[in-house]
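Visitor: Sequence first, predicted model second:
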Amino acid sequence: MPRRYLVVVATFLLSFLLYVDRVCISTAKGPIVSDLGLTDKQFGWILSAFAFGYALLQTPSGALADRYGARRILASVVGFWSLFTGLTAAAWNFVSLLVVRFLFGAGEAGAFPGMARAVYSWIPVRERGLVKGINFSASRLGAAATMPVLPWMIATLGWHLSFVILMFIGLAWAAIWWLWFRDEPAEHPGISKEELAHILANRQDADSRDTPVRPLPFRRMLGHTNMWLMMGQYFASNFTFFFTLSWLFPYVKQTYHLEYTQAGFYTMFPLIGGAAGNIASGLLVDALYRAGHHRISRRVPAILGFLLAGTGLYFSVEQTEVWGAVIWLTIAIFGADMTLSPSWSFCIDIGGRHAGKVSGTMNKAGNLGSAVVAIVFPYLLAWTGGPRAFFYIGAALNVLAIILWLLANPDRKLQEEPAA
């Protein structure tokens, strides 16, 4: 098997684990709130603490991945966040859980920027759309698996032991990655000469690790319109998707009067839809790129995704039966996840050897959207007496994101043009 395919398998498993660890707090809401005496609004702040920690460290972790390589950074961040996954079980009150989940989010911040740097080094440009789609589909499958499995696991073993088990799984992945992966294909002892030649000839700029890297100061990066457009549209994407990781399970359970395991069954379908959206978008991105439509290959899948996301959110809130709501939410998450492959491919396009820093900055803005969702949903529910306002705001943000994509141009590299 080509070694770059094994890199895709390894990052697939990492993305799967990333979201199992991330979404388990939502499925464990009932026993955690009960044991620690928390309110829904306090639990919203705990979910938001993760998102703020995750957003805060995006750009620094991406810059570290660019400088030190995906091998060191991914092994380190996976080990760090796995430790705080286990320490979640040691929380004894609101403040302690708030701190632990903030640090857990800070640890997870380096995952996708680190993977973006690995993709830049190992994956030819014509294969990147599908690879990013595969990686993000794994995250959705991990979250989907968590919805029905974790409630059973928590009911059987308790939420404390469940978090400790997840910690050891993460530590095992970090150790294996450190031993096997190399930052440059040429450094890997198992790669064939043919595959190495293929990778080096088809990377974005066919660069060598010995080529000097021009610096990309933060001020310069933020002086480009492309960067702000990507940040804005990713805020809208995460606003839609993070609802599934934070409040979807308790929302469906309470709104449609479901049992614990029933809610887990229904809430896995939007996440499976998200996985399908990632694969579909990745295939579409690569097909359009191979046909010679570079700019359209990024723009069209994202615009189509935001159109589906806004439509799904708008109609989901009007449903009186759980299946109706789940079908429309599945359409919404399918659409929201169609935006990921073009977004990250776009950042690799314009960032080049600074792909980690650029994609991390976009992801920072996106996860500010996640933080807003975690806090705003319970407050809007209390202020307006229902979920309509939240879903309508989400639909409007998706429409705005379509406009931002119409203005984005992946041919404008951050290094090649002067800052505005």
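Guide: Alright, I've got the coordinates. Keep in mind it's a predicted model, so treat the numbers as computed, not measured.
Visitor: you'd agree Ala174 is up against Val78?
Guide: Yes: if you go by CB atoms under 8 Å, Ala174 and Val78 touch, sitting 4.1 Å apart. Just so you know, the C-beta spots here come from the backbone N, C-alpha and C atoms, and that holds for glycine as well.
Visitor: Mind checking which of those two has more residues around it?
Guide: Ranked by neighbour count (other CB atoms under 10 Å), Ala174 and Val78 place Val78 first, with 27 against 19.
Visitor: so which strand or helix has the more buried one?
Guide: Element membership of Val78, judged by DSSP states H and E, is helix 70-87.
Visitor: Could you list every helix and strand in contact with that helix?
Guide: Helices and strands touching helix 70-87, by 3 or more CB pairs under 8 Å, 6 or more residues apart in numbering; DSSP states H and E, are helix 3-27, helix 58-68, helix 94-108, helix 111-122, helix 159-180.
Visitor: okay, those helices in TSV with mean pLDDT and distance to His257 next?
Guide: Below are these laid out as TSV (pLDDT from 0 to 100; distance: least, CB to CB, whole Å):
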stretch	mean pLDDT	distance to His257
helix 3-27	90	18
helix 58-68	81	39
helix 94-108	93	28
helix 111-122	86	36
helix 159-180	95	23
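Visitor: winner for burial among those helices?
Guide: Sort these by mean neighbour count, taking mean count of other CB atoms under 10 Å, and helix 111-122 sits at the top with a mean of 29.
Visitor: Return the angle between stretch directions for that helix and helix 3-27.
Guide: Counting by axes from the mean of the first three to the mean of the last three CA atoms, to 10 degrees, helix 111-122 points 170 degrees away from the direction of helix 3-27.
Visitor: what's the angle between helix 111-122 and helix 159-180?
Guide: 20 degrees.
Visitor: now helix 111-122 and helix 58-68, what's the angle there?
Guide: Using the same axes, to 10 degrees: helix 111-122 against helix 58-68 is 30 degrees.
Visitor: Quick one: name whatever helix or strand follows helix 111-122.
Guide: Scanning onward from helix 111-122 (DSSP H and E), the first element met is helix 128-157.
Visitor: Who are the packing partners of that following helix?
Guide: On a contact count with 3+ CB pairs under 8 Å, 6+ apart, helix 128-157 meets helix 3-27, helix 111-122, helix 159-180, helix 260-290, helix 322-338, helix 340-351.
Visitor: and the ones you listed as TSV, adding distance to Lys193?
Guide: Shown next, in TSV, are the helices and strands packed on helix 128-157 (distance: least, CB to CB, whole Å):
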stretch	distance to Lys193
helix 3-27	12
helix 111-122	16
helix 159-180	20
helix 260-290	25
helix 322-338	37
helix 340-351	26
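Visitor: Between those helices, which one is closest to Arg214.
Guide: Arg214 lies closest, by CB to CB, to one member of the helices and strands packed on helix 128-157: helix 340-351, at 11.9 Å.
Visitor: Of the helices and strands packed on helix 128-157, which is nearest Pro217?
Guide: helix 340-351 (13.4 Å).
Visitor: That closest one to helix 111-122, inter-axis angle?
Guide: With the same axes, to 10 degrees defining the directions, helix 340-351 sits at 60 degrees from helix 111-122.
Visitor: give the contact list for Ser26.
Guide: Counting by CB atoms under 8 Å, 6 or more residues apart in numbering, Ser26 makes contact with 47, 245-250.
Visitor: Mind giving me the packing neighbours of the lowest-mean-pLDDT helix or strand in the chain?
Guide: None of the helices or strands of the chain scores lower by mean pLDDT, DSSP states H and E than helix 218-221, at a mean of 76. Packing contacts for helix 218-221, counted by 3+ CB pairs under 8 Å, 6+ apart, involve helix 355-384.
Visitor: follow-up on the earlier one: downstream of the least confident helix or strand of the chain, the next helix or strand is which one?
Guide: Later in the chain than helix 218-221, the nearest helix or strand by DSSP H and E is helix 225-246.
Visitor: Could you name the helices and strands sitting against that following helix?
Guide: If you count contacts as 3+ CB pairs under 8 Å, 6+ apart, helix 225-246 packs onto helix 3-27, helix 40-56, helix 260-290, helix 294-316, helix 322-338, helix 340-351, helix 355-384, helix 388-407.
Visitor: before we move on, back to that, now do the helix holding Val78: distance to the chain's middle.
Guide: Relative to its parent chain, helix 70-87 has a centroid offset of 16 Å by CA atoms, centre = their mean, to the nearest Å.
Visitor: so where's this structure uncertain?
Guide: Across the chain, the ranges flagged by pLDDT under 70 are 204-213, 415-420.
Visitor: Could you check how many residues crowd around the residue lying closest to Leu166 once chain neighbours are set aside?
Guide: Leaving aside its chain neighbours, Leu166 sits nearest to Thr85 (5.1 Å; criterion: CB to CB, 6 or more residues apart in numbering). By other CB under 10 Å, the residues close to Thr85 number 30.
Visitor: Verify the contact between Thr85 and Phe104 for me.
Guide: Yes: between Thr85 and Phe104 there is a contact under CB under 8 Å: 6.3 Å.
Visitor: Mind listing the shared neighbours of those two?
Guide: Common neighbours of Thr85 and Phe104 (CB under 8 Å, 6+ apart) are Asp21.
Visitor: Skipping adjacent residues, who's closest to Ile123 in space?
Guide: Closest to Ile123 by CB to CB, 6+ apart is Val131, at 5.1 Å.
Visitor: shouldn't the one you found be in contact with Ile279?
Guide: No: in this structure, Val131 is not within contact of Ile279 by CB under 8 Å, at 11.0 Å.
Visitor: Neighbour count: these two, which is higher?
Guide: Val131 (26 against 18).
Visitor: how about the more buried one, what does it touch?
Guide: Val131 is in contact with 8, 119, 123, 282, counting by CB under 8 Å, 6+ apart.
Visitor: May I ask which of the contacts of Ser26 has the most neighbours?
Guide: These, ranked by neighbours (other CB under 10 Å): first place Ser246, 29 neighbours.
Visitor: now it: how far from Met231?
Guide: Between Ser246 and Met231 the distance is 21 Å, computed by CB to CB, to the nearest Å.
Visitor: for the helices and strands packed on helix 70-87, which one sits closest to Ile191?
Guide: helix 3-27 (4.6 Å).
Visitor: after that closest one, next one along is what?
Guide: Once the chain leaves helix 3-27, the next helix or strand it forms, by DSSP H and E, is helix 29-36.
Visitor: Dump the contacts of Ser26 to CSV, plus distance to Gly385.
Guide: Below are these laid out as CSV (distance: CB to CB, whole Å):
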residue, distance to Gly385
Leu47, 22
Leu245, 24
Ser246, 20
Trp247, 16
Leu248, 20
Phe249, 21
Pro250, 17
